[in-house]
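Q: below are the sequence and a predicted model for it; my questions follow.
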Amino acid sequence: MNKEYSFNIKRKRPEDLFENVSDYFKAETLKNYAESKSIMRTQKKITIRALELLELKNNRPLILDAGCGPGFAAMYLNELGYKTVVLDIISEFLKYYDIEYLNPILADMCYSPFKPDSFDSIISISALQWVIRDVKSKSERLILTNLFVSFYQILKPKSKMIVQFYPKSTVIMDYIAEIVNSKTKFKGNFIIDNPNNPKKRKVYLLLKK
Ligand SMILES: C[S@@+](CC[C@H](N)C(=O)[O-])C[C@H]1O[C@@H](n2cnc3c(N)ncnc32)[C@H](O)[C@@H]1O
């Protein structure tokens, strides 16, 4: 990993305060997220950048949006003519808008329900921080390993995937890199936009099978 930057966020985030993502995203919080125009705009910008980094070659790729929430990324992918499958662990998100056309699946992205070699790409926007919080937790290590091993399996050969997320420190990023390198044959790296600006910083993990 490029060592020109480093950060360590002390402020508590929702994923530090709630053990289960479904305990946080419910009622008003879920509604506020799903209906926020500014969040929708931000998630669209992140999706545009993720697509730029992916450099997809296939004209009509089938893309999995893992941890899709109300479907902001996949709605945009659909506008571009991409085929999607969207997956989330919270059923209310999948029902919030009429997104049948995006092929919603209620599942845990760490235990993928798909056959090997199913997707041309995987995009996951602002979700991974809910999976890895504590590098000392053995159970989180197993879950994270499962996530990357199953993403590797369900991607078609030579395909790429991208994960944008909000790590709290570079220690977490190194930890993820160690798991990806030791448990899968993915090749890739982190890309960090605005590394020294905590408000604008965006971390992407780009991996190729
Ligand atoms: C901040 S929201 C982002 C939603 C969406 N990707 C977007 O860009 O608006 C995080 C999402 O990750 C989902 N999520 C977290 N852990 C998950 C898991 N293990 N499996 C599936 N979805 C998960 C949550 O349910 C939530 O919808």
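A: Happy to help now that I have it. Numbering: from 1, shown residues only.
Q: find the nearest non-adjacent residue to Ile143, please.
A: For Ile143, ignoring the flanking residues on the chain, the nearest one in space by Cβ to Cβ, 6 or more residues apart in numbering is Cys110 at 4.9 Å. C-betas here are computed from N, CA, C, even on glycine.
Q: where in this protein is pLDDT low?
A: Within the chain, the segments meeting pLDDT under 70 span 1-5.
Q: report how many residues lie close to the residue in it that the ligand sits nearest to.
A: Nearest residue of the chain to the ligand (Cβ to the nearest ligand atom) works out as Gly69 at 2.5 Å. Using other Cβ atoms under 10 Å, Gly69 has 24 neighbouring residues.
Q: with Lys95 instead?
A: 13.
Q: for Leu87, see how far away Cys110 is.
A: 11 Å (Cβ to Cβ, to the nearest Å).
Q: try Pro195
A: 30 Å.
Q: helices and strands around the strand ranked longest in the chain, which ones?
A: Secondary structure of the chain per DSSP state E: the longest strand is strand 155-165. Under the contact criterion of 3 or more Cβ pairs under 8 Å, 6 or more residues apart in numbering; DSSP states H and E, the helices and strands touching strand 155-165 comprise helix 37-54, strand 119-125, strand 202-208.
Q: contacts for the helix or strand just after the longest one next, please.
A: Translated: helix 37-54. Beyond helix 37-54 on the C-terminal side, the first helix or strand identified by DSSP states H and E is strand 62-66. Contacts to strand 62-66, defined as Cβ atoms under 8 Å, 6 or more residues apart in numbering, come from residues 71, 73-74, 77, 82-87, 102, 109, 114, 118-125, 127, 151, 154.
Q: which among the residues you listed are in contact with the ligand?
A: 73, 109, 125, 127 (Cβ under 6 Å from any ligand atom).
Q: from those residues, which two are the most distant?
A: Ala73 and Met109 (13.5 Å; Cβ to Cβ).
Q: the more surrounded of those two?
A: Ala73 (29 against 25).
Q: what about the residue nearest to that one when sequence neighbours are not counted, how many neighbours?
A: For Ala73, ignoring the flanking residues on the chain, the nearest one in space by Cβ to Cβ, 6+ apart is Thr47 at 4.3 Å. Using other Cβ under 10 Å, Thr47 has 22 neighbouring residues.
Q: wait, Thr47 sits on Met75?
A: No: between Thr47 and Met75 there is no contact under Cβ atoms under 8 Å: 9.3 Å.
Q: before we move on, back to that, tell me which of Pro195 and Leu87 has more neighbours.
A: Remark: of Pro195 and Leu87, Leu87 carries more neighbours, 25 against 18, as counted by other Cβ under 10 Å.
Q: shouldn't that one be within a strand?
A: Yes: assessed with DSSP: H, G, I helix; E, B strand; the rest coil, Leu87 lies in a strand.
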